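Peer 1: Structure, please.
(one chain, ligands or ions: 2)
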Amino acid sequence: MYRVLITDNLSPAGLEILNNTEGIEVDVRSGLSPEEVREALKEADGIIIRSATKLTPELLEGQPRLKVIVRAGVGVDNIDLPAATREGIVVMNTPAGNTISTAEHAVAMMMALSRNIAPAAAGMKEGKWDRKKYTGTQLAGKTIGVIGLGRIGLAVAARAQGLEMKVVGFDPFLSTEKAAELGIGLYREVDDVVKQADYLTVHTPLTDETRDMLDAARLAKAKKGVRIINCARGGIVNENDLADAIESGHVAGAALDVFTKEPPENRRLVELPQVLTTPHLGASTDEAQELVAVEAADLIATYLTKNEIRHAINMAPISGAEMESMKLYLDLAYRLGLTVAQMNRKGGIKKAKLDFRGEAASKNIKLMTSAFSAGMLESALAEKVNIVNAEMTARERGIQFEDSSSEDSKSFSTLISATLETDSGDVTAAGTIFGNEFLRLVRLGEFQMESYLDGNLLVYRHLDVPGLIGYIGTICGKHNVNIANMALGRAKKEPGGDSVAVLNLDSAPSDEVIQEIAGHEHVQGVELLRLPPAGAPLPWLGN
Ligand SMILES: NC(=O)c1ccc[n+]([C@@H]2O[C@H](COP(=O)([O-])OP(=O)(O)OC[C@H]3O[C@@H](n4cnc5c(N)ncnc54)[C@H](O)[C@@H]3O)[C@@H](O)[C@H]2O)c1
Ligand SMILES: O=C(O)CC[C@@H](O)C(=O)O
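Peer 2: Numbering: from 1, shown residues only. Ligands and ions are numbered 1, 2, ... in the order given. Presented below is the predicted three-dimensional model:
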């Protein structure tokens, strides 16, 4: 049973989906302190949040059960993405569900600001009839500058055009052709947009680049009497600089739905009469909340029960069907990672070279590389390593990756070869899939063989002399260790040279067995490799 924790207010439609999904149980909590969220996460496989819950590194570290975070909404700035990725947790969002509602809110704020709706309504409630005081400005014929022309920015632009406004904008990821097609004047400098706008609205994510994008210097370049709208994220417009510019009379007013700290502790802007504020209501409509809740529930349920990855921020998408078709390949890559890591007891790893041949060449190489890395790092690291964080974790440790692929697989329908380049030489292993079911080790270093790729593998290098197999068999028998399979590989085709043997043992041999084998004059080295049993589910996949 997978447990999904929900710590923010989620529409009942989402809860219903989760309650009706077999294998999922829901734990709805509200008003938790960060410490309580941390405790609750210990029992959770996934969490759905909106903007109130902040998932900091302190909450995400050391949560071995947590596999997935779904943000019911767009902005993931309340989730520490590097920490989630490092911990191997997939982060997903629901990008489109609240686009229209948020765009409508931005337009509503712009209209209400222009016509002083909020103070006029408040005055009437106090019994006033101030017709002169609240003379406004008309929107038709004015220029709106839209910074960030993604989903919401474009929806705002379309609505502004409907209000007969001229739309200009800035977005480094929108082509001039597309903007022209939409009737938007696209500029390559923010300042060009800022200088000509009567209304400036921001619709970017909050990033290091967009933080303080509208600061004192930029606001000073704007037309006197400009009005500012921020329904994206607090901090894109510098709050103190905006308050100064309003007090100086350069900026006529602002409409703000979002704040650097929510609720805002710095009340300067909230209390200025020229500023219209709402408490982060952009996405707060029944329609948007139902859409994002349904999508969030669906995302988390299909990830946990079918391993399907959609709308992930820190991973490439993969459908449930593709994941299913990849399982054996991922398992092979993972076991090869475990194998080469255990064969390399000494050398610092510099590079991992992976070669995918035959059917493997047409599969998702990035995912197989991640699975290989997960195996390679598993025995070495205390933290959870999986396909989300394995490559990043390896790269953080200075390990480079190189891959190659070819349809030509020589004698095998599929062949994955892995070589670790280490300070003390190369370690190579290659494996294949037989009959769409069985994983086999077919190469270790320069030796070719065919061995099971599961359970206990006793690997010994030796000189190919008569009597050695009998000697080893006798030692195993004496210690009650059953040999399930034995594979031999010769460096040269003729007898008498360097060889390797791989014994698949039904139980792990004691140190004594290993010492006795290593003691033979023609044995050059013994390794015990521990792999998962045949058919064991991948430790980091839901099922
Ligand atoms: N107030 C709310 O309740 C609410 C609701 C939904 C979304 N949002 C916020 O609105 C913002 C936009 O959401 P969206 O769904 O349109 O996202 P989106 O990803 O579709 O669009 C963001 C756009 O910003 C552009 N961009 C990124 N960096 C930029 C930069 N430096 N300069 C100019 N443009 C830049 C991107 O190219 C992209 O086109 C996000 O911050 C989101 O969190 C707020
Ligand atoms: O959850 C909310 O209501 C806010 C959502 C909004 O900020 C978003 O980024 O999607």
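Peer 1: Give me the helices and strands touching the helix or strand containing E25, please.
Peer 2: Per DSSP states H and E: E25 is located in strand 24-28. Packed against strand 24-28, as judged by 3 or more C-beta pairs under 8 Å, 6 or more residues apart in numbering; DSSP states H and E, are the following elements: strand 2-6, helix 12-19, helix 286-306. Any C-beta I mention is one placed from the backbone N, CA and C, and that applies to glycine too.
Peer 1: Can I get these in CSV including distance to ligand 2, mean neighbour count and mean pLDDT?
Peer 2: Below are these laid out as CSV (distance: least, C-beta to the nearest ligand atom, whole Å; neighbours: other C-beta atoms under 10 Å; pLDDT from 0 to 100):
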stretch, distance to ligand 2, mean neighbour count, mean pLDDT
strand 2-6, 12, 23, 98
helix 12-19, 12, 18, 97
helix 286-306, 7, 22, 96
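Peer 1: Nearest to ligand 1, out of those?
Peer 2: With C-beta to the nearest ligand atom as the criterion, ligand 1 lies closest to helix 286-306 of the helices and strands packed on strand 24-28, at 7.9 Å.
Peer 1: Let me see the mean pLDDT of the helix or strand that the closest one is followed by.
Peer 2: Following helix 286-306 in sequence order, the next helix or strand is helix 320-343 (DSSP H and E). Mean pLDDT, helix 320-343: 93.
Peer 1: ditto for stretch 240-257
Peer 2: On average, stretch 240-257 scores 98.
Peer 1: Can you measure across it, start residue to end residue?
Peer 2: One end of stretch 240-257 to the other measures 16 Å (C-alpha to C-alpha, to the nearest Å).
Peer 1: any idea which element the residue nearest to P279 when sequence neighbours are not counted lies in?
Peer 2: Nearest residue to P279, sequence neighbours excluded (C-beta to C-beta, 6 or more residues apart in numbering): P263, at 6.7 Å. P263 belongs to no helix or strand when assigned by DSSP H and E.
Peer 1: P263 and T278 touch, don't they?
Peer 2: No - using C-beta atoms under 8 Å, P263 is not in contact with T278; the gap is 11.6 Å.
Peer 1: who's more crowded, these two?
Peer 2: T278 (17 against 9; other C-beta atoms under 10 Å).
Peer 1: Quick check, the more buried one in contact with T102.
Peer 2: No - using C-beta under 8 Å, T278 makes no contact with T102, being 11.4 Å away.
Peer 1: I365: which of the helices and strands packed on strand 24-28 is closest?
Peer 2: Using C-beta to C-beta as the measure, helix 286-306 is the one of the helices and strands packed on strand 24-28 that comes nearest I365, at 21.8 Å.
Peer 1: How about that closest one and ligand 1, any contact?
Peer 2: No - if you take C-beta under 6 Å from any ligand atom as the test, helix 286-306 misses ligand 1, and the best it gets is 7.9 Å.
Peer 1: Which secondary structure elements does that helix sit against?
Peer 2: strand 2-6, helix 12-19, strand 24-28, strand 46-49, strand 68-71, strand 90-93, helix 99-114, helix 320-343.
Peer 1: Would you mind putting the CA coordinates of it into CSV?
Peer 2: This file holds the C-alpha atoms of helix 286-306, laid out as CSV (Å, rounded to 0.1, in the frame of the first residue of the first chain):
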residue,chain,number,x,y,z
ASP,A,286,-13.3,26.0,-8.4
GLU,A,287,-12.4,25.2,-12.0
ALA,A,288,-8.7,25.6,-11.6
GLN,A,289,-8.5,23.8,-8.3
GLU,A,290,-10.5,20.9,-9.6
LEU,A,291,-8.3,20.6,-12.7
VAL,A,292,-5.0,20.8,-10.8
ALA,A,293,-6.3,18.4,-8.0
VAL,A,294,-7.4,15.8,-10.6
GLU,A,295,-4.2,16.0,-12.5
ALA,A,296,-2.0,15.9,-9.3
ALA,A,297,-3.9,12.8,-8.1
ASP,A,298,-3.6,11.1,-11.4
LEU,A,299,0.1,11.9,-11.7
ILE,A,300,0.9,10.6,-8.2
ALA,A,301,-1.3,7.5,-8.6
THR,A,302,0.1,6.5,-12.0
TYR,A,303,3.7,7.1,-10.8
LEU,A,304,3.3,5.0,-7.7
THR,A,305,1.3,2.2,-9.2
LYS,A,306,2.6,2.1,-12.8
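Peer 1: Tell me the residues of the protein that contact ligand 1?
Peer 2: Residues of the chain found near ligand 1 (C-beta under 6 Å from any ligand atom) are 73-75, 95, 98-99, 102, 147-153, 170-173, 203-205, 209-210, 231-233, 257-258, 280, 282-283.
Peer 1: The residue in the stretch 301-450 of the chain that ligand 1 sits nearest to and T21, how far apart?
Peer 2: Taking C-beta to the nearest ligand atom, ligand 1 has its nearest neighbour within the stretch 301-450 of the chain at I313, 10.8 Å off. According to C-beta to C-beta, to the nearest Å, I313 stands 23 Å off from T21.
Peer 1: rewinding a little: can you give me the neighbour number for the residue lying closest to the residue of the stretch 301-450 of the chain closest to ligand 1 once chain neighbours are set aside?
Peer 2: The shortest distance from I313 to any non-neighbouring residue, by C-beta to C-beta, 6+ apart, is to V91 (4.6 Å). By the criterion of other C-beta under 10 Å, V91 has 22 neighbours.
Peer 1: where does the stretch 401-543 of the chain have low pLDDT?
Peer 2: 540, 542-543 (pLDDT under 70).
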